[in-house]
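> Need coordinates for the following:
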Amino acid sequence: MRKAFISPSKYVQGEDELLNLGYFVKTFGESALLIAHAEDVKRVKSKREETEKRFGIKFIESNFGGECSRDEIKRLEEVALKNNCDCTIGLGGGKAIDTAKCVAKGHALIICPTIAATDAPTSHSAVLYTPEGAFDDYAYFSQNPSVVLVDTTVIAKAPTRFLVSGMGDALSTYFEARATRRSFSNVNAGLPCGFREGLCGGAKGTNTAFALAKLCYETLLSDGLKAKHSCDVDQVTPALENIIEANSLLSGLGFESGGLAAAHAIHDGLTILEGTHKYFHGEKVAFGTLVQLVLENAPTEEIEEVLSFCLSVGLPVCLKDIGVDSLSDEELNAVAAKACIPEESIHSMPFPVTSSDVAAAIKTADVIGKAYKMKFERTSHE
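The predicted structure follows:
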């Protein structure tokens, strides 16, 4: 049986780690193209200037336009070529990170997340958008980032909602890896073309990836609420460091080498509903995880454990929590149909799934979530 496990070459996390960014640039050369929103550049200005001076390197400003689009990627490639940049840095959130991946094309890439909202920093994939911000396509590269450098002090000072959203994304990791493992499905690790057979053929998940996915879930349960409280007051604590690692590294390795299943496919289906557009990726994935558990007919104890966690940290548990106040049968069927298109990860579930199954699970998860939320709130006020 062919198995695959992939990861970034280096993952470094700690307080004020951006002060060491120049050291990693130096391993590639003297200059780096810095792809980041103006606000993020301003947030880390003093650390950037200090590491630049300490290690004798130069950052080339990119004036990043904000969208990971083909036009922006082409423009930044020209900037890198004109300035003879030795490496590429993606600093900030998902779009800056993904743009850097596309410019670097898997080579000499340093990722510096300023929020812990998703598990994208460690992966070898990116999402492309049009200049107007609409979804365009996925991109896959031959290698994961060379370095992922996480400054926990910067992340602690970001809005707490980002951290909680990252927990929602990480929440799905174990359950999707478990489903993929049970179905003996191929995982993303060996597939440059996503879930289709690519140049490297198919590969199954490793025991290592599954163990990391399980540790990710256990870490969320033990430290999630404590980490949220720490982030609320901009403080780095052991719990916050553990959750940043869970959101970024454990979830990143777990999803990419352990596999995706129903939760992310349901997220993709939910995106057609306009009401969900103001909610973060991880917030929608959290509800998608509940829907997956309903699809699996998971034990009541397990569903309630997930519900309790979500409500304790402020993650959605029903459709209203992600901006869907009403849902017609036509809309529900459209969401379910999108979640079940042939290339979606829902087909990694250990049993056949139809759009009718998904529609039923969404409605049921919504009812379960609403009822448990009422019970949770009533108990909290007693």
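> Send over the lowest-mean-pLDDT helix or strand in the chain as CSV, restricted to the C-alpha atoms.
Taking mean pLDDT, DSSP states H and E as the measure, strand 135-140 is the helix or strand of the chain with the lowest mean score, a mean of 85. Taking C-alpha atoms only, strand 135-140 is exported to CSV below (Å, rounded to 0.1, in the frame of the first residue of the first chain):
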residue,chain,number,x,y,z
PHE,A,135,-13.3,32.1,-6.6
ASP,A,136,-11.2,31.2,-9.7
ASP,A,137,-9.3,27.9,-9.1
TYR,A,138,-6.9,25.9,-6.9
ALA,A,139,-3.2,25.7,-7.4
TYR,A,140,-0.8,23.0,-6.2
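> buried set for it?
For strand 135-140, burial by neighbour count (16 or more other Cβ atoms under 10 Å) applies to Ala139, Tyr140. Every residue, glycine included, has its C-beta placed from N, CA and C.
> same check, this time on stretch 259-276
259-270, 273, 275-276.
> and which of the residues you listed is nearest Ser345?
Leu260 (3.8 Å; Cβ to Cβ).
> What is the three-state secondary structure of that closest one?
coil (DSSP: H, G, I helix; E, B strand; the rest coil).
> Compute the distance between it and Thr180, please.
Distance of Leu260 to Thr180, computed by Cβ to Cβ, to the nearest Å: 7 Å.
> show me the contacts for Thr160.
Lys228, Cys231, Asp232 (Cβ atoms under 8 Å, 6 or more residues apart in numbering).
> Got a PyMOL select line for the buried ones in the residues you listed?
Entered in PyMOL, the line below selects the buried ones among these, by 16+ other Cβ under 10 Å:
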select buried, resi 228+231
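> Which parts of the stretch 101-250 of the chain are strands?
Ranges of strands within the stretch 101-250 of the chain are 109-113, 125-129, 135-140, 147-151, based on DSSP state E, counting those that start in this stretch.
> Report all helices and strands that the least confident helix or strand of the chain contacts.
Strand 135-140 sits against helix 94-104, strand 125-129, with contacts defined as 3 or more Cβ pairs under 8 Å, 6 or more residues apart in numbering; DSSP states H and E.
> Parallel or antiparallel, list what pairs with that strand.
strand 125-129 (antiparallel) (DSSP bridges).
> what's the model's confidence in the partner strand, averaged?
Mean per-residue pLDDT for strand 125-129: 90.
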